[in-house]
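Colleague: task: produce atomic coordinates for the following.
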Amino acid sequence: MTREDADDLLFVSQINSGQKELFRFLVKKHEQAVYGMGLSFFRNSEDASDFSQDVFLKVYRGLSRFEGRSRFSTWLYKIAYNTAVNGVTRRKEYRSLAEEEGLSDGDTPERKLVREASRKAVLGAVEELPERYRLCVDLFFFYSRTYQEIEAITGIPVNTVKSHVFRAKKLLREKLGEIAEGGIE
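Modeller: Predicted structure coming up:
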């Protein structure tokens with residue numbers, strides 16, 4: 001167990017023991033990741049903020065049911081994922097976190113141009129992935145979740161998650177290879 005995981009468990013224990021004001025520390029620690037997931041699913045900051053508030057309200061109300069059998073962050077992501085899926089089902093839209101990630105600024109105009117072209121190529125390739133692959137890729141690469149955590153969050157069996165990530169990487173390699181060779185505009 002990492003120090004961060006131990007800290008989360010301590011906060012949860014203290015909050016459940018009546019120190020409700022400590023919940024703000026859990027929110028502060030995880031709000032950026034939850035907000036990022038909201039942006040992935042809802043495509044705008046206002047909806048992502050509403051989503052984050054909804055998720056943390058659900059977490060607060062359900063905190064006494066957290067049993068500690070998984071990492072707190074995995075439990076939180078499962079709530080966030082289910083909340084997002086329910087919202088997206090109503091809206092029918094999903095956008096990969098990769099679309100929101102900018103690459104760091106370079107120090108020359110040439111570097112900026114190359115980075116922007118690379119970013120566009122990656123975004124285009126990720127955008128073309130089937131949604132089930134994009135979701136696994138996002139959770140694996142952009143949220144640094146393990147295969148087991150992705151299974152716990154999405155309910156997709158771990159072998160299927162591994163398969164989705166493997167196939168997504170293969171598709172991305174092929175697509176980006178075509179772009180690098182000049183085969184696609």
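Colleague: quick check: domain ranges of the chain?
Modeller: 1-95, 104-185 (automatic domain parsing).
Colleague: could you tell me the least trusted of these?
Modeller: Ranked by mean pLDDT, the domains of the chain bottom out at domain 104-185, with a mean of 79.
Colleague: which other residues reach the longest helix along the chain?
Modeller: As assigned by DSSP state H, the longest helix anywhere in the chain is helix 158-180. With contacts defined as C-beta atoms under 8 Å, 6 or more residues apart in numbering, helix 158-180 is touched by 121-122, 124-126, 128-129, 132-137, 140, 147-148, 150-151, 154, 156, 184. The way it works is simple: take the backbone N, C-alpha and C, and place the C-beta from them, glycine included.
Colleague: out of those residues, which are inside helices?
Modeller: Per DSSP H, the subset of the contacts of helix 158-180 in helices is 121-122, 124-126, 132-137, 147-148, 150-151, 154.
Colleague: and of those residues, the nearest to residue 8?
Modeller: Of all the ones in helices among the contacts of helix 158-180, residue 8 sits closest to residue 148, with 17.3 Å by C-beta to C-beta.
Colleague: so who does residue 86 touch?
Modeller: Contacts for residue 86 (C-beta under 8 Å, 6+ apart) come out as none.
Colleague: so how far is residue 127 from it?
Modeller: 23 Å (C-beta to C-beta, to the nearest Å).
Colleague: cool, residue 117 as well?
Modeller: As judged by C-beta to C-beta, residue 117 and residue 127 stand 16 Å apart.
Colleague: how about residue 55?
Modeller: Between residue 55 and residue 127 the distance, using C-beta to C-beta, works out to 25 Å.
Colleague: more neighbours, the two?
Modeller: residue 55 (25 against 12; other C-beta atoms under 10 Å).
Colleague: contacting residues for that one?
Modeller: Shown in contact with residue 55 (C-beta under 8 Å, 6+ apart): 34, 38, 76, 79, 80, 83.
Colleague: please apply the same query to residue 148.
Modeller: residue 158 are the contacts of residue 148 under C-beta under 8 Å, 6+ apart.
Colleague: same check, this time on residue 150
Modeller: Residue 150 touches 136, 139, 140, 156, 158, 161, counting by C-beta under 8 Å, 6+ apart.
Colleague: and residue 77, by the same measure?
Modeller: Residue 77 makes contact with 33, 37, 139, 143, 145, 149, 153 under the criterion C-beta under 8 Å, 6+ apart.
Colleague: secondary structure class for it?
Modeller: At residue 77 the chain is in helix, as set by DSSP: H, G, I helix; E, B strand; the rest coil.
Colleague: for it, give its distance to residue 170.
Modeller: Separation of residue 77 from residue 170 (C-beta to C-beta) stands at 25 Å.
Colleague: could you do residue 44 as well?
Modeller: 32 Å.
Colleague: please apply the same query to residue 81.
Modeller: From residue 81 across to residue 170, the span is 24 Å (C-beta to C-beta).
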